[in-house]
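# based on what follows, work out the 3D shape:
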Amino acid sequence: MSKISISSIFLSFNRILSKKVILSFGLFCISGIAFSQTLALNEKEYFETPGLNVLVFSNEYNGMFYDEKTAGIEFIHHGVRTVTGGAVRLQNTPEQWDLIPKMTNRKVDKINNTIEVTLRYEEFDFDARIIVSSKGKGFIVNVLLNKPIPKQLEGRAGFNLEFLPTTYFESNYLVDGKAGTFPRYPASDTQIRPSSEKIQQFAQHTTFDDRGRNEFIVTLPLVSGKSLIFAPENPEHTVKIQSEDQDVMLFDGRNLGQNGWFIARSILPSNKTGKVLSWYVEPNAIPNWTRKPVIGFSQVGYMPTQKKVAVIELDKNDKALTTASVFKLNADGKFVEQLKADVKVWGSYLRYNYAQFDFSAIKEKGLYYIQYGDQKTNTFQIEDDVYAKIWQPTMDVWFPVQMDHMEVNEAYRIWHGKPFLDDCLQAPLNHEHFDGYKQGPTTETKYKPLERIPGMSVGGWFDAGDFDIQTFSHVSVINSFVESWEAFKVTRDETYIDQKTQFVDIHRPDGQPDLLQQIEHGVLNLVAQVENIGHPVRGIIVPNLHQYHHLGDAAAETDNLPYNAALKPYESNRVSSGTLDDRWAFTNRSSFLDFRTAGALAGASRALKGYNDKLADKCLSLAVKLNTEATVLEKTAKPDDSPMSRWGKGSDMIAMLQLYLTTKEQQYKKGFLDRIWKSLDENLEFNMNAALLALPAMDNNYKVKLRSYAVKYKEKTDKDNAENPYGVPVVKRGWGGSSQVINWASTNFYIHKIYPDIMDKEYVYRGLDYVFGCHPYSNLSFVNAVGNRSKKVAYGGNRADFTTIAGGVVPGLIFLKPDYLENKDDWPFFWGENECIIDGGAWYVFLANAANELAAEK
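Here you go, the predicted model:
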C-alpha cells in the first residue's frame, strides 16, 4: 500500500461518508422515551433542566496533567457526569498528554441563553470559537473560525465530545438508523502512520514506544453518519447528536489507552471561515426526574455509645421526609423496627439539600439498617469492636504491594516481581519532567548526567498508583508509622519480609512486627539516598512518558538491566542494556527536604532500637548530619516558592523536635521552642499536630500555653466545618480530601487525650464516619475492602483490571466547578478521586488505632 498523508485519510472519511441520508423525524421518536424539557441557563452559569446539567467550560484544562477528563462541555446526566471534553481537539481519540486548547475567553449571555468560549492552540496560532445555545429540548453547538484551519491541522482539527465507556457498556447505538453495540473491550480498527505526521505531545514527550520504528497509531472510527443516538434503550443515558454538515464519527479511545473514552467527532472543514460546524445535541431528561436520596452512614458501623448521625443528601427539588427508622435483626432472623425518629432539615450545600437523622439512641449491639421512605441502606453493625481490625488490610496487603525493589507474593498470586534493580541514573541538567520533577543547571552531586548512582535498588515504596519514589511522601509515612508504634505499639505480624532475598509474602507471619519492618524498608531507601547521593532527593522516576503510564507488574516498567551507552537501544548482553529506561534521580538539594528527612530518620532511630540497632544508630547519625548541613544550606538558599517548599515550611522545627525526642539534647529543645509559637500563630491547623506531639516531653508551662491554641483550633475548625452538613473539612479541588479529614481527626485525638474538656472523642469518630461512608455522592467506604460496601475500583497499578488493592485509601471527592462533588466507582482512572497514596495510608493506620484506643476508654 502506498503511503498517503494522514490529512487525506481524514478527508476521505468525509467524502466516503457524506452521502445524503434522508431520515424522517420519526427516527428520533424512540419508543418509551420522552425527551427533555427546555434547557435554561441558571445563576451558576450552566444549562439546566430536571435530570440534566450541561456545563460549558465551567472547568478548564489545567495544563499540569493535561487532559484529566474534567473540562470542556460536560453533562451531568440524571445526577451522574457521563460526558466530558467537548472541545476542538487535534486527534480522533486524544490521550491525556496530547495538546489541549487554552480557553482565552468565556461569555455567558443569559438573555439569549448562550455560552461562548474561545479556544486557542498557541503552538499553531489557531483559534476557534464555540457557541452553545439552548434549542428545543437540547442545544446547538456551533464552531466558528475567523481564519481557515492552519495547513498542518487540516483533516485533524475537529470537534469532539467524549462519553464515559462504563455508562454505555451493554448498550447500543444507532447511526443513521443502523444499530450497533458499544464494545465492552476495545476491538476497533487502527492504522500505523509515520512519526513525521504525528502532532507532538506535551514537551515533545510521547506516550507510545515505537521500538525505534518511527511510527504511531491512528484510531479509525467504529461508524460514521449524520445522526448518532447513544443508548436508545436506556432513558437515563440516551443522547442524540445530529450534524447538519459534517459527518459524526464514533471512536473508541481505549485502543490507545485504557483510560480512553468513547468519542463522537466531526472534522472541521478546510479553507472555510465563519460557522464551519453545527451539531444539535439532545440528551434525554426524564420528566420530573429527581435524584434518589443518598443516605450517608458508616459502612464499618458504630460502637454502642458512639454518636450516630446519618446525613441524607437530597435533590434540590426534593423535600426531606419527617421521619426515618432503624431496623434490627432479631434472633428469629427477621428485621424489626427499633427506632422511628425525626429527620431534621440541615439546609442546602453546593447543589443539594441535606437532612440529618440522629439514631444515637440505639445502643444495643447487633445488625441494623436505616429506612428512609421506601429506601433501605445495606446492613451495618453496632458492636464494641467495630474499629478493631479496620487498619489491618492496609498493613497486611496494601503496604506490602507498594514495596519497591521486592518480589511480592500473596498465596497463588505474584503482585509484582523485583522491580527497578537497575536503579538509578543521575537526571540530566535543566530537565523538566512530566510528573513535576525538575533538575536544575547542576546536579549537586558527584555524578555526571545519566551516570549510574550505585546502591539505590533497596527499600522504599511506590508513591501511589504509579511507580516512582517521592522522598517527601516517604518521610511522611515514616513519621506516621513511628507515631503509630510509639503511641499504640502495633505488633501485628502477618507479612514475611526478607530484605536479603528481596522477597515479601503476604499473610505469612515471620515473627517480627510488620510495622517495624515497614519502617525499616522505608528507611533503607532514605539511608541509601544520603549515603550514595549525599542528600535526600526530590524523587526517583522513569524518564519516558511511555513508561510512566505503565499498568501491571512494576518489574516490567524497565528491563531491570543497568543502562549501557555502548549498546544500541533494545540491545542487551544480559547484564546491561542499551535501552535508556532506568529511573532518574532528581537531585537538586533543598534545606526543607534535608530537615524533613532528618526528622524522619531521628524518629525511626527510636522505633528501630532493639529491632535493628545498627540501622537505628545510622539513622541518628545521618539525622544529625542532615540537620547541621541543612541549617547552613538554608542561610545561603535562594528564595523558593515552589509547592514543595511551601509544604515544607517549618521543616527545621520538625527536625529539631524529633532530634530532641531522640537525644534529649537541649539545643534541639530550644530550637523547637523558639519556633513553635510563631508557627502556630502563622498556621494553626498545619502546625498543631507537631505542637501536640511534643507535649509529653515538655513541662507544665508548655501545656498551659498550648491550651489556648487548642481552644482556638477547635473554634476555627468548628466554624469552617459548619459550612457543610458532615461537620468535617470538605475540600473543593481536583484532588479529594480524605487525607485532610483523617489528619483533622488525628489532631482531634491528640487534643482529646491532652485536653478532654476541649475536644470530645466524637470529633475523632466523625472523621472515620466520613471516610467510611457518611459523605456526599455515595455512601461507599473510601478504604478499599473495609466496611460492608467499599470502593469496587481504585487507581492502583491494577486499575486496568477495574478492581482495587485492599486497604488503600482513595482521595475521595473531587470538586468540579461550580457545585459538583464526584467520586466514581465504575471508572478507576480518575486519580484525583481514586488514587491511593502511601502517606494517606499511613495516616489512616494511625487514626484507626487511635479510635481503637478510645474505644477502650470507660
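
# which ones are touching residue 575?
Residues in contact with residue 575, defined by Cβ atoms under 8 Å, 6 or more residues apart in numbering, are 561, 562. Placement of C-beta: from N, CA and C, glycine included.

# now with 10 Å, please.
561, 562, 564 (Cβ atoms under 10 Å, 6 or more residues apart in numbering).

# just checking, the first one touches residue 574?
Looking back up the chat, that one is residue 561. Yes. With contact defined as Cβ atoms under 10 Å, residue 561 reaches residue 574; the gap is 7.7 Å.

# of these two, which one has the most company?
The neighbour comparison of residue 561 against residue 574 (other Cβ atoms under 10 Å) goes to residue 561, with 19 against 6.

# looking at the protein, which strand is longest?
For the chain, the longest strand by residue count, based on DSSP state E, is strand 335-349.

# following that one, which helix or strand comes up?
Once the chain leaves strand 335-349, the next helix or strand it forms, by DSSP states H and E, is strand 352-358.

# now do the same contact list for residue 855.
Residues in contact with residue 855, defined by Cβ under 10 Å, 6+ apart, are 303, 305, 306, 384, 385, 386, 387, 388, 761, 765.

# look up how far residue 857 lies from the fourth one.
The span separating residue 384 from residue 857 equals 12 Å under the rule Cβ to Cβ, to the nearest Å.

# who's more crowded, the two?
The neighbour comparison of residue 384 against residue 857 (other Cβ under 10 Å) goes to residue 384, with 12 against 9.

# and of the contacts of residue 855, the nearest to residue 109?
If you rank those by distance to residue 109 using Cβ to Cβ, residue 765 comes first, at 49.3 Å.

# which one is that closest one nearest to, not counting chain neighbours?
The shortest distance from residue 765 to any non-neighbouring residue, by Cβ to Cβ, 6 or more residues apart in numbering, is to residue 306 (5.5 Å).

# go ahead and confirm that neighbour touches residue 382.
Yes. Residue 306 is within contact range of residue 382, at 8.4 Å (criterion: Cβ under 10 Å).

# joint contacts of these two?
Residues touching both residue 306 and residue 382 (Cβ under 10 Å, 6+ apart): residue 363.

# quick one: average confidence on stretch 402-410?
On average, the pLDDT along stretch 402-410 is 98.

# which residues sit against the helix or strand hosting residue 712?
Assigned by DSSP H and E, residue 712 belongs to helix 700-721. With Cβ under 10 Å, 6+ apart as the contact definition, helix 700-721 has outside contacts at 673, 676-677, 680-681, 684-685, 687-688, 691-692, 694-696, 698, 727-730, 741, 744, 747-748, 750-752, 754-755, 757-760, 763, 766.

# again, 8 Å this time
Residues outside helix 700-721 that contact it (Cβ under 8 Å, 6+ apart) are 673, 677, 680, 684-685, 688, 691-692, 694-695, 727-730, 744, 747, 751, 754-755, 758-759.

# give the buried residues for that helix.
702, 706, 709, 710, 713, 714, 717, 721 (16 or more other Cβ atoms under 10 Å).

# so where's this structure shaky on pLDDT?
Residues of the chain that meet the criterion pLDDT under 70 lie in 1-37, 63, 639-640, 642-645, 858.

# which helix in it has the most residues?
helix 613-636 (DSSP state H).

# so which elements touch that helix?
For helix 613-636, the packing partners by 3 or more Cβ pairs under 8 Å, 6 or more residues apart in numbering; DSSP states H and E come out as helix 514-532, helix 591-608, helix 651-663.

# show me the contact partners of that helix.
520, 523-524, 527, 530-531, 535-536, 589-592, 594-595, 597-599, 601-602, 604-609, 652, 655-656, 658-659, 662-663.

# one step back: give me the angle between the longest strand of the chain and strand 352-358.
140 degrees (axes from the mean of the first three to the mean of the last three Cα atoms, to 10 degrees).

# who are the packing partners of strand 335-349?
With 3+ Cβ pairs under 8 Å, 6+ apart as the test, strand 335-349 has strand 323-329, strand 352-358, strand 366-372 packed against it.

# residues in contact with it?
311-312, 316, 320-330, 353-359, 361-362, 364, 368-369, 372, 723-725.

# can I get the buried part of the residues you listed as one ChimeraX selection?
To isolate the buried members of the contacts of strand 335-349 in ChimeraX, using 16+ other Cβ under 10 Å:
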select :311,312,320,321,324,325,326,327,328,353,354,355,356,357,359,362,368,369,372,724,725
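
# mind checking the SS state of residue 474?
Classification of residue 474 by DSSP: H, G, I helix; E, B strand; the rest coil places it in helix.

# so who does residue 533 touch?
Residue 533 neighbours (Cβ under 8 Å, 6+ apart): 445, 447, 453, 456, 585, 587.

# now do stretch 378-394: everything it contacts.
297-304, 308, 329, 362-369, 492, 494, 768, 783-786, 788-789, 806-809, 841, 844-845, 848-849, 851-852, 855.

# if we go to 7 Å?
Stretch 378-394 is contacted by residues 297-304, 362, 365-369, 492, 785-786, 788-789, 806-807, 841, 844-845, 848-849, 851-852, 855 when judged by Cβ atoms under 7 Å, 6 or more residues apart in numbering.
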